[in-house]
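Q: My questions are about this predicted structure, shown below with the sequence.
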Amino acid sequence: MSITTLFRTTPPARLRAAVRTGAVVATAAVPLLAASTAFADYHHYDGEDSGSGLTVLQTLGLYVGIPLALFLFISFLVVLPGWIRGDRNRREVGWIGQNGAGAPAGTGPATGSASSSSAQQSVSAGKPGTGGASGSW
């Protein structure tokens, strides 16, 4: 897609909004870019002792290692309750239907259109225990 096609197919209101956004960003960026050269000139002040710089390993540890460790620790805290509680899907029991009876063989959603249509009707009717977003399995 060429840039001319993009301009011709984009609604005018969206183009005006894009131009307005670009103007705001440019207005904010120009003073920052102009001031960056002034801030780049390092001035030593009386009584200032900057000390030695960080090594590469210290820098990597500070800016990569600590955030990564925090991410892993928080992820561990999120996963830990599931590990303690165990697997909630009890595979040895199998599927339990609406009435507490096991689903007969061959009545999955792919094979029986009558069973899937009745399930759709019960879901749309709002019957409890039928699944869906607010269902109970």
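A: Here it is on my side, so go on.
Q: Would you map the helices across the protein?
A: Counting by DSSP state H, one finds helices in the chain at the ranges 3-9, 12-40, 56-60, 66-85, 113-125.
Q: Comparing those helices, which comes out most buried?
A: Most buried of the helices of the chain by mean neighbour count (mean count of other C-beta atoms under 10 Å) is helix 113-125; its value is a mean of 12. All C-beta atoms are positioned from the backbone trio N, CA, C, and that covers glycine.
Q: got the helices of the chain as CSV, with mean pLDDT and distance to residue 133 columns?
A: What follows is those, written out as CSV (pLDDT from 0 to 100; distance: least, C-beta to C-beta, whole Å):
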stretch, mean pLDDT, distance to residue 133
helix 3-9, 79, 37
helix 12-40, 85, 34
helix 56-60, 92, 45
helix 66-85, 92, 21
helix 113-125, 50, 10
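Q: export these to a markdown table and tack on distance to residue 48?
A: What follows is the helices of the chain, written out as a markdown table (distance: least, C-beta to C-beta, whole Å):
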| stretch | distance to residue 48 |
| --- | --- |
| helix 3-9 | 51 |
| helix 12-40 | 16 |
| helix 56-60 | 21 |
| helix 66-85 | 27 |
| helix 113-125 | 71 |
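Q: for the ones you listed, which one sits closest to residue 46?
A: With respect to residue 46, and counting by C-beta to C-beta, the nearest of these is helix 12-40 at 19.7 Å.
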